[in-house]
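1. here is a sequence together with a model predicted from it:
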Amino acid sequence: MNFIYLANINNLSWSVLQDQKKILSHSAQLDIEKYKFEQDKCRSLVGKMLLLYSLQCHEQLQQSHLPIIDYGLYRKPFIHSMKGHFNISHSHDWVACVYSSNGEVGIDIEHIKPVNIIDYQDVMTGNEYQRALNNPNFDFFQLWTLKEAIMKAQGQGFYLSPSSFELPFPFYNDEIVEINHTRWFVYSQSFANEYKLSLASLYPIVENVQVIPLQLDQFWQ
């Protein structure tokens, strides 16, 4: 099962939020303070708050601080003591954390805004680029969030080039994309009018996903 927790940080100030750093280790707190802009600090910390909440809900974590987060070869975060898997994404006013009990998972959200497709030719295959130019039903933000979700689930991030694999068109949820002999089920939806959210999982998603918006004060520490 995949549980996607979402929080809106619009109008959330760092002066109000920063006390919640206490859920993190000292080194993790210092990492957040390295961000130049307060909204980036908020996004990073809220992602960790959502992760802690998901561990308390699904793994009966009793403590009020987040376990140490480690990083794989390509910088994918993981927690040794976790039974499940997680991934975090944020864009503009929204932060998302997915908890999966079904193996590795990747999530991406993006704020939809006007783009010049020509500027993004390098992240698409030749077929995808031609569809982007010529097909009125082509959804660039669906394509991009799906690709990034797969790249994150695979654990390679941008070490796996987004132009090295192609997504089905037209796209339907629970399509399968194979990367290096791993079959990823992929899922995408719109939310909050101006955002696209996509997920990649080792198992079918449509019947195994819950999207849960949260008010941050409901799990304020």
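-> All right, it came through fine.
2. ok, and what's touching the longest helix seen in the chain?
-> Identified as the longest helix of the chain according to DSSP state H is helix 38-58. Helix 38-58 is contacted by residues 3, 5, 7, 9, 12-14, 17-18, 20-21, 23-24, 28, 31-33, 35, 61-62, 64-67, 79, 82, 84, 86, 88, 90, 95-97, 99, 101, 214, 216, 219, 221 when judged by CB atoms under 8 Å, 6 or more residues apart in numbering. The C-beta positions use only the backbone N, C-alpha and C, and glycine is treated the same way.
3. in it, what counts as buried?
-> 39, 41-55, 58 (16 or more other CB atoms under 10 Å).
4. quick one: the strands in the chain?
-> Counting by DSSP state E, the chain has strands at residues 2-8, 70-71, 77-78, 85-91, 94-100, 105-111, 175-179, 182-191, 195-201, 209-214.
5. could you dump those to JSON lines with mean pLDDT?
-> Shown next, in JSON lines, are these (pLDDT from 0 to 100):
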{"stretch": "strand 2-8", "mean pLDDT": "97"}
{"stretch": "strand 70-71", "mean pLDDT": "92"}
{"stretch": "strand 77-78", "mean pLDDT": "94"}
{"stretch": "strand 85-91", "mean pLDDT": "98"}
{"stretch": "strand 94-100", "mean pLDDT": "98"}
{"stretch": "strand 105-111", "mean pLDDT": "98"}
{"stretch": "strand 175-179", "mean pLDDT": "97"}
{"stretch": "strand 182-191", "mean pLDDT": "97"}
{"stretch": "strand 195-201", "mean pLDDT": "98"}
{"stretch": "strand 209-214", "mean pLDDT": "94"}
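6. which stretch among those comes nearest residue 164?
-> Taking CB to CB, strand 175-179 is the member of these nearest to residue 164, at 8.4 Å.
7. for that closest one, which strands pair with it and how are they oriented?
-> strand 182-191 (antiparallel) (DSSP bridges).
8. return the distance of the partner strand from the chain's centre.
-> 11 Å (CA atoms, centre = their mean, to the nearest Å).
9. which pLDDT value goes with residue 193?
-> With respect to pLDDT, residue 193 scores 89.
10. with adjacent residues omitted, what lies nearest to residue 17?
-> Closest residue to residue 17 apart from its sequence neighbours, by CB to CB, 6 or more residues apart in numbering: residue 42 at 5.5 Å.
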